[in-house]
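>>> Fold the stuff below for me.
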Amino acid sequence: MSEIIKRRVDTNWFIETAARNDWPAFDSRILEVCNLKAWVKWTEVGVVSKILDERDLAVSILEKTRMNLDGNKTKKLIRLMAEDENLHLRRKAAIALWRHGNRCGNVVSRLNEALSDDELREEVRGLLSESIK
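Here you go, the predicted structure:
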C-alpha cells in the first residue's frame, strides 16, 4: 500500500471489516496505520463518535500506537473507559491507557474486570504479568 493511501484516514474499510468479524484482517491493518500521524490525530474525533465501531477503531489505534498520547487523548480515553455504554470498549480503553503507562486505580480495576472477558483475558493477563516482573 502506498504511503499516500495510508495517510488518508478512511475508516470505512475498518468498519466494514469489523461488521464481517474479520478480526485478523482488522488487526493486521491496524498495525499498518497506528503510527501514522493522521490516523492518531483522527482518534480525537473517533473516541467521542456516536458510532460504536468508530470509537472501537479509535481505541484500537491508540492501544497499538507507539506515539505518546497527549493529555487530551488521555482524558478522552479515561472518560470513555468510565462512561461508554459498551463494556467491552470500556475494557479496551483501559488496555490502551495501561499500554501508555497509566496505572491508576480505575485502570487497574477495569483490567481486573476484563479478566472475565473471553476476548481480552489473555492480553490482560500478559499486561498484568509484565508489570510484576
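>>> isn't Ala25 right up against Thr17?
Yes - Ala25 sits in contact with Thr17 when judged by CB atoms under 8 Å, with a separation of 5.4 Å. Glycine gets a C-beta too; all of them are placed from N, C-alpha and C.
>>> Between these two, point out the one with more neighbours.
More crowded of Ala25 and Thr17, by other CB atoms under 10 Å: Thr17, with 18 against 13.
>>> For that one, pull up the helix or strand it's in.
Assessed by DSSP states H and E, Thr17 sits inside helix 12-19.
>>> what's Lys41 sitting at in phi/psi?
phi -60, psi -40 (degrees, to the nearest 10).
>>> Same question for Arg66.
With angles defined as degrees, to the nearest 10, Arg66 sits at phi -90, psi 0.
>>> any idea how far Asn35 is from it?
From Arg66 over to Asn35 the distance is 6 Å, taken as CB to CB, to the nearest Å.
>>> Comparing the two, which residue is more hemmed in?
Neighbours per residue, other CB under 10 Å: of Arg66 and Asn35, the larger number sits with Asn35, 13 against 9.
>>> What distance do you get for the more buried one to Lys64?
Taking CB to CB, one finds Asn35 at 8 Å from Lys64.
>>> Kindly report the same for Val124.
Applying CB to CB to Val124 and Lys64 gives a distance of 15 Å.
>>> More neighbours: which of these two?
Val124 (21 against 15).
>>> Using CSV, write out every CA atom in the helix or strand containing the more buried one.
Val124 belongs to helix 121-132 when assigned by DSSP H and E. Coordinates of each C-alpha in helix 121-132 appear next as CSV, following Å, rounded to 0.1, in the frame of the first residue of the first chain:
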residue,chain,number,x,y,z
ARG,A,121,-8.4,-12.3,29.1
GLU,A,122,-5.0,-13.5,27.6
GLU,A,123,-4.0,-10.0,26.6
VAL,A,124,-4.8,-8.6,30.0
ARG,A,125,-3.0,-11.4,31.8
GLY,A,126,0.1,-10.6,29.7
LEU,A,127,-0.1,-6.9,30.6
LEU,A,128,-0.5,-7.6,34.3
SER,A,129,2.2,-10.2,34.4
GLU,A,130,4.7,-7.8,32.7
SER,A,131,4.1,-5.3,35.4
ILE,A,132,5.1,-7.8,38.1
